[in-house]
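>>> Any chance you can model this:
(chains A and B)
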Amino acid sequence: MAEDRLMDKIIDVCKRRGFVNPTAEIYGGAGGFFDYGPLGTLMRQKIIELWRQSFVLDEDKVFEISGSTLLPESVFQASGHLESFDDPLVQCAKCNSMYRADDIIKRNTGESAEGLPIAELDKKIKENEIKCPNCKGELGNTRQFNLMFKTEIGSTGGINGYLRPETAQNIFINFKRLAGFMRNKLPFGIAQFGSSFRNEISPRSFLIRGREFEQMEIEMFYDPEKENEHPRWEEVADIDINIVTRDMQEKGWKKPLTMTAEEAVNKKHVPNQYLAYYLALETEMLLVLGIKAEDFWFRHMQDHEAPHYSAGNYDLEVNLSIGHMEIVGNALRTDYDLRKHAKASKSNYEIVVDEKKILPHVCEPSLGVGRILYTVLEKCYREDDRGWTWFQFPPTVAPLEVAVFPLMKKDGLAEFAHDVHTELKEAGYLSFYDESGKIGKRYARADEVGIPFCVTIDYDSLKEYSVTIRDRDTMDQIKLPLEDLEVALGELMEGDSDFQEFIDFANEK
RNA sequence: ACGCUAAUAGUCUAGUGGCAGGACUUCGCCCUUCCAAGGCGGGAACCCGGGUUCAAAUCCCGGUUAGCGUACCA
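The predicted structure is shown next:
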């Protein structure tokens, strides 16, 4: 745990500098909901684009859709969410501890009470004289806690609707049309980004567990008999991934195993190529976001942690100040969802492969936008002994990429600088202009929100059309002709060379 | 969800049953030829709703939000 609450510092700077703030603050707020401010929105957009580029656009057979967030009850009846998201809970009258009613009955009687109606559960608790395991107090009546937000569709409330608790269902209920679009040929993937909602009993930990959260998901459909014939396997086979096996978890582990994706599949640490493929892509994405390889790993979830349909769930966990947190979930959902929806809707979801009709299996990487954003904030946060703070964002996720300052406001420097700022914006850079106060303070303000480069216009600029680029991380500066600025910034943004190498290169030139 | 604790400008904080103060930030002007530190001036707050009281930001009750603990998180 952080001694001085790193998360509180991050929340503070997020609120002050326009990253993220609680929803409806002026009315006391609403727990578990957050609004992205100007910088948070830019950064969130960059994270989504990064995902879109590598998980969707770079792929051959993956297309993105955008489905409705509100879905009729029938969808969740079929998917099983109505049942599994509706937990019957009992509370001890004496110590107020809460338990799942079906769970506590099973523990006491050995018989499964899953899915029983409330009255039956209460009856079983009375009959078997089940007491609170904590203090032996009397248990109260069972109450339903539904984690889905419920509403009514139509002005007269014709049918019940729910905000989706995961984005995945839109894809499964559209499977027939999507498969048709993909010419009924496996494998293919359908991606979707969007909000999901869960009415958590107690949301906590800022963006890590909200009631509305954004997911970037793919449902990759494949023939289970060809689970190790991923068409793009060569692209990822050599990528190193960190794995924590079930075996390691039982023995107590300190360091994850590092191995190539190829090795992970061959040694059966990961069930198949489809899953391993995404573990590799996620690893690459996190590295690009500036998160170090030693700070995250994929944990093979234990049987009791995984959903009942799962043929293997691998959580991407990050080592954060508040402990190990899941920020991405990877699931092999088998044909569970397609089977359920095909049956409930009386549709035929089968696809012909090698003259056989099969129901595809699905591999689902599900990335949490807010959780990834928070991870980046925490891992890039820096402070010195003066109490000054800044974000060392890689340019790829930095909400603003360059700040343009006139050394002074007067003598035409401000006008010159503003023109440079305008040109950079037109060239596609996320540029920020500031002329107020002293230059040092402006550098500090830029650093605080993680702007990687500052461009300063001074008296030399007027004389010889030169500008100075300042590097956030080293505070080094280099002067170069104005006409070279856009190209120079482009090279620095790519991050192929560090600032010092760049200075040397420019000097030689 | 329950329990404990807390809530005063954007941030940090002082404070008392009787006019709400400071620092930093922010804004304007001046100064200033490169890393938050000069000068002058301005703006900005007692979480919400009830109650007690002549008088409540202060005391009481309820709520909200946050932190911690327990529980929950297919």
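
>>> all contacts plus neighbour counts: C-alpha atoms, from now on.
Will do.

>>> Show me what the most centrally placed residue in chain A is bridged to.
Central residue of chain A (Cα atoms, centre = their mean): A:G368, 2.2 Å from the mean position. As for beta bridges, A:G368 partners with A:Q215 under DSSP bridges.

>>> so it makes contact with A:I327?
Yes. Counting by Cα atoms under 8 Å, A:G368 does reach A:I327; the two are 5.7 Å apart.

>>> circling back: tell me the contacts of the residue nearest to the centre of chain A?
Contacts for A:G368 (Cα atoms under 8 Å, 6 or more residues apart in numbering) come out as A:F213, A:E214, A:Q215, A:M216, A:I327, A:V328.

>>> ok, now how distant is it from A:I351?
Distance of A:G368 to A:I351, given as Cα to Cα, to the nearest Å: 31 Å.

>>> A:P406 too?
Counting by Cα to Cα, the gap from A:P406 to A:I351 is 64 Å.

>>> before we move on, what about A:D223?
Distance from A:D223 to A:I351, by Cα to Cα: 9 Å.

>>> Find residues that contact each of these two.
A:I358, A:L359, A:P360.

>>> RNA strand B: which of these is nearest?
Closest approach to RNA strand B among these (Cα to the nearest atom of the strand): A:P360, at 19.3 Å.

>>> A:L462: what's its closest spatial neighbour, skipping adjacent residues?
Using Cα to Cα, 6 or more residues apart in numbering and skipping the chain neighbours, the partner closest in space to A:L462 is A:L413 (7.5 Å).

>>> list the contacts for the one you found?
Neighbouring residues of A:L413 by Cα under 8 Å, 6+ apart: A:P406, A:L407, A:I457, A:D458, A:Y459, A:L462.

>>> Give the other helices and strands that the helix ranked longest in chain A contacts.
Secondary structure of chain A read by DSSP state H shows that its longest helix is helix A:273-288. With contacts taken as 3 or more Cα pairs under 8 Å, 6 or more residues apart in numbering; DSSP states H and E, helix A:273-288 sits against helix A:233-236, strand A:240-244, helix A:261-266, strand A:323-334, strand A:361-368.

>>> Of all those, which one comes closest to RNA strand B?
strand A:323-334 (8.6 Å).

>>> from the middle of its chain, how far away would that closest one be?
Strand A:323-334 has its C-alpha centroid displaced from the chain centroid by 10 Å (Cα atoms, centre = their mean, to the nearest Å).

>>> could you measure the closest residue to A:A179 other than its chain neighbours against A:Q477, distance?
With sequence-adjacent residues excluded and distances taken as Cα to Cα, 6+ apart, A:A179 is closest to A:K185, at 7.4 Å. Distance, A:K185 to A:Q477, by Cα to Cα: 55 Å.

>>> A:F298 is in contact with A:N313, correct?
No. Applying Cα under 8 Å as the test, A:N313 and A:F298 come out as separate, 9.4 Å apart.

>>> May I ask which helix or strand encompasses A:I10?
helix A:6-16 (DSSP states H and E).

>>> Let me see the mean pLDDT of that helix.
Average pLDDT, helix A:6-16: 92.

>>> Residues in contact with that helix: which ones?
Counting by Cα under 8 Å, 6+ apart, A:F19, A:V20, A:N21, A:F206, A:S321, A:I322, A:L377, A:E378, A:Y381 sit against helix A:6-16.

>>> at 6 Å instead, please
A:V20, A:N21 (Cα atoms under 6 Å, 6 or more residues apart in numbering).

>>> Extract the CA atoms of it and return them as PDB.
The C-alpha trace of helix A:6-16 is given here as PDB (Å, rounded to 0.1, in the frame of the first residue of the first chain):
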ATOM      1  CA  LEU A   6      -1.100   7.700  -4.300                       C
ATOM      2  CA  MET A   7      -4.600   7.300  -5.500                       C
ATOM      3  CA  ASP A   8      -5.700  10.400  -3.600                       C
ATOM      4  CA  LYS A   9      -3.000  12.500  -5.300                       C
ATOM      5  CA  ILE A  10      -4.100  11.200  -8.700                       C
ATOM      6  CA  ILE A  11      -7.700  12.000  -8.000                       C
ATOM      7  CA  ASP A  12      -6.800  15.400  -6.800                       C
ATOM      8  CA  VAL A  13      -4.800  16.300 -10.000                       C
ATOM      9  CA  CYS A  14      -7.500  14.700 -12.100                       C
ATOM     10  CA  LYS A  15     -10.200  17.000 -10.700                       C
ATOM     11  CA  ARG A  16      -8.000  20.100 -10.800                       C
END
